[in-house]
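Q: coords please:
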Amino acid sequence: MPEYDDHITVRKARTLLMTRDYLFFGIMSQRFDWIFVDTELPFWGWVMLQPKHEESIDGKIYLNKRLLDKSPTSLAYVICHELLHILNRHASRKFDPTIDHNYFSAACDHTIEIFLRDNLPKLKPPDDYLIFEKAEKALGKTASVERVYEWLKDNEEITETPLYVLVGGIPVNPNEIEVNGVIDSSIEQVIKDYSEYIQIIANSVLEQCKQRETISGKMYEIIKELIKLEVPWDEILDNCIKTYVNVAGDDRTWKIPNKYFDPLGIVLPGVNQYDERVNTVIITVDSSGSISTKNLQQFSYIITENFKYVNKIIVMVHDVKIHDIREFTNAQDFKTYIETIGFKGRGGTSHEYVFKEIMKRINDNLDEISLVISLTDNYSDIRHQHAKYPFWKIVPYIILTNGAVLDNLPKEIKQIKIED
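A: Coordinates of the predicted model:
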């Protein structure tokens with residue numbers, strides 16, 4: 001247990017963050033150890049992302065020890081501030097050689113402090129808000145980090161700061177990220193992957209808070225906008241596949257929930273010691289659809305790239321009835337098959353028989369199936385069949401659609417819109 005976890009200020013801050021107004025931030029803060037340090041540096045906290053660190057949950061929030069003498073609301077404020085750096089993905093700009101990190105850091109802090117002031121007004125900073133009044137007056141309350149950054153540079157509104165500054169809550173230490181002046185791409189990729197991972201977790205926590213009515217509608221919409229992933233459909237699919245099948249079958253979220261969230265009834269990924277791969281992905285292909293050759297090539301590439309985590313892929317081609325079921329145990333055979341499927345448009349579509357087959361296979365061997373993906377235009381009875389065959393409550397399920405986007409789907413179902 002990290003030092004000072006029993007300190008009265010820490011305990012009160014943790015309790016405060018687990019109340020209704022702050023529960024999203026409270027749950028997210030449990031992903032990090034809180035480490036208090038003596039420092040003369042002119043800031044209250046920073047985050048060191050350590051996704052591969054064996055002793056930490058997902059990283060560490062370092063806090064100025066002087067916060068222990070402040071109020072619990074101030075400590076909670078600093079925790080929320082650091083989490084917002086992560087949720088805003090400010091760390092992704094750490095490797096951009098074209099920006100002035102002093103100004104960018106100031107712009108990040110400015111936008112975060114306005115968010116906290118206006119949306120969590122009961123939390124108070126240890127000192128004054130880090131808000132540039134002239135910038136807020138000129139740009140308004142909702143200006144992006146980029147706009148604030150450009151304004152600060154143009155107006156020279158910030159004073160000289162130490163060379164050792166924080167960008168996105170992560171220390172900028174050139175010796176850490178550069179070798180002979182070249183950025184270490186492996187570190188850059190780790191931070192990128194970690195940011196995406198945190199966003200997946202944050203989305204799950206947010207939806208759970210909404211379902212349990214522990215977050216206001218206004219705050220839900222604000223955070224939803226903040227953490228949404230604006231990435232191409234193929235990258236979203238790739239991330240989903242990595243999330244669901246890059247672990248052994250026995251590691252799946254619904255089987256071993258994360259112990260930190262058990263008391264709250266929130267299901268998030270757990271960790272297992274076993275490494276046996278028993279993953280099977282089922283892919284249903286709506287043969288009445290009109291998915292383009294380019295989309296098929298992208299899709300097949302994503303699947304084959306992740307084949308090392310999958311023992312078997314089962315392809316089910318259907319319109320109303322199932323016309324073909326094939327199993328693949330190597331990437332090349334699957335890629336050849338999927339790229340040569342012809343969508344000839346054989347009339348109407350139903351998902352009844354294919355979902356019935358999936359349900360049967362899951363009931364026969366639950367531990368084998370890791371993921372189900374449906375390639376479809378959604379112009380069918382798919383919504384009705386979801387209710388009739390709720391396999392998506394048992395295994396992760398992704399709809400990949402090039403047609404209609406279904407609204408009000410159960411939260412367990414992931415829907416990705418294909419865009420050319």
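Q: which parts of the protein are strands?
A: Assigned by DSSP state E, the strands in the chain fall at 33-37, 45-49, 59-64, 166-167, 170-171, 178-179, 182-183, 280-286, 312-318, 322-328, 369-376, 397-401, 413-417.
Q: just put those in a markdown table and tack on distance to Leu75 and mean pLDDT.
A: The way it works is simple: take the backbone N, C-alpha and C, and place the C-beta from them, glycine included. Formatted as a markdown table, those follow (distance: least, CB to CB, whole Å; pLDDT from 0 to 100):
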| stretch | distance to Leu75 | mean pLDDT |
| --- | --- | --- |
| strand 33-37 | 9 | 89 |
| strand 45-49 | 9 | 72 |
| strand 59-64 | 7 | 83 |
| strand 166-167 | 18 | 38 |
| strand 170-171 | 20 | 44 |
| strand 178-179 | 34 | 38 |
| strand 182-183 | 34 | 41 |
| strand 280-286 | 45 | 88 |
| strand 312-318 | 49 | 88 |
| strand 322-328 | 53 | 89 |
| strand 369-376 | 41 | 88 |
| strand 397-401 | 40 | 89 |
| strand 413-417 | 36 | 86 |
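Q: can I get these in TSV including mean neighbour count and distance to Glu146?
A: Converted to TSV, these look like this (neighbours: other CB atoms under 10 Å; distance: least, CB to CB, whole Å):
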stretch	mean neighbour count	distance to Glu146
strand 33-37	19	31
strand 45-49	21	21
strand 59-64	21	25
strand 166-167	22	14
strand 170-171	18	18
strand 178-179	11	24
strand 182-183	12	21
strand 280-286	24	39
strand 312-318	21	42
strand 322-328	14	45
strand 369-376	25	36
strand 397-401	23	32
strand 413-417	16	26
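Q: could I get the ones you listed in JSON lines, plus columns for distance to Asp118?
A: Shown next, in JSON lines, are the strands of the chain (distance: least, CB to CB, whole Å):
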{"stretch": "strand 33-37", "distance to Asp118": "25"}
{"stretch": "strand 45-49", "distance to Asp118": "21"}
{"stretch": "strand 59-64", "distance to Asp118": "23"}
{"stretch": "strand 166-167", "distance to Asp118": "22"}
{"stretch": "strand 170-171", "distance to Asp118": "25"}
{"stretch": "strand 178-179", "distance to Asp118": "38"}
{"stretch": "strand 182-183", "distance to Asp118": "35"}
{"stretch": "strand 280-286", "distance to Asp118": "44"}
{"stretch": "strand 312-318", "distance to Asp118": "49"}
{"stretch": "strand 322-328", "distance to Asp118": "53"}
{"stretch": "strand 369-376", "distance to Asp118": "40"}
{"stretch": "strand 397-401", "distance to Asp118": "36"}
{"stretch": "strand 413-417", "distance to Asp118": "32"}
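Q: and of the ones you listed, who's closest to Leu17?
A: strand 33-37 (10.9 Å; CB to CB).
Q: which strands and helices sit next to the closest one?
A: Identification of packing neighbours for strand 33-37 by 3 or more CB pairs under 8 Å, 6 or more residues apart in numbering; DSSP states H and E yields strand 59-64.
Q: just the angle between the strand it packs on and strand 33-37, please?
A: With axes from the mean of the first three to the mean of the last three CA atoms, to 10 degrees applied, the angle from strand 59-64 to strand 33-37 works out at 30 degrees.
Q: buried residues, stretch 392-412. List them.
A: By 16 or more other CB atoms under 10 Å, the buried positions in stretch 392-412 come out as Trp392, Ile394, Val395, Pro396, Tyr397, Ile398, Ile399, Leu400, Thr401, Asn402, Gly403, Leu409.
Q: okay if I get those as a markdown table plus distance to Lys360?
A: What follows is these, written out as a markdown table (distance: CB to CB, whole Å):
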| residue | distance to Lys360 |
| --- | --- |
| Trp392 | 15 |
| Ile394 | 12 |
| Val395 | 13 |
| Pro396 | 18 |
| Tyr397 | 16 |
| Ile398 | 20 |
| Ile399 | 20 |
| Leu400 | 23 |
| Thr401 | 24 |
| Asn402 | 28 |
| Gly403 | 27 |
| Leu409 | 23 |
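Q: out of the residues you listed, which is nearest to Ile282?
A: Val395 (8.5 Å).
Q: that closest one and Asp367 touch, don't they?
A: No - using CB atoms under 8 Å, Val395 is not in contact with Asp367, being 10.3 Å away.
Q: let me see the contact set for Leu67.
A: When contacts are counted by CB atoms under 8 Å, 6 or more residues apart in numbering, Leu67 touches Thr9, Phe36, Trp44, Gly45, Ser74, Leu75, Val78, Pro126.
Q: ok, the third one touching Lys65?
A: No - between Trp44 and Lys65 there is no contact under CB under 8 Å: 10.2 Å.
Q: between these two, which is the more surrounded one?
A: Applying other CB atoms under 10 Å to Trp44 and Lys65 shows that Trp44 carries more neighbours, namely 22 against 13.
Q: contact partners for that one?
A: When contacts are counted by CB under 8 Å, 6+ apart, Trp44 touches Leu63, Asn64, Arg66, Leu67, Val78, His81, Pro126.
Q: one more time with 10 Å
A: 62-64, 66-67, 70, 74-75, 77-78, 81-82, 125-127, 130 (CB atoms under 10 Å, 6 or more residues apart in numbering).
Q: can you give me phi and psi for it?
A: Backbone geometry at Trp44, expressed as degrees, to the nearest 10, gives phi -100, psi -20.
Q: hey, what's in contact with both of Trp44 and Lys65?
A: Common neighbours of Trp44 and Lys65 (CB under 10 Å, 6+ apart) do not exist.
Q: tell me the spacing between the closest residue in space to Asn279 that isn't next to it in sequence and Thr73.
A: Distance criterion CB to CB, 6 or more residues apart in numbering; nearest residue to Asn279, sequence neighbours excluded, is Ser370 at 4.0 Å. Distance from Ser370 to Thr73, counting by CB to CB, to the nearest Å: 44 Å.
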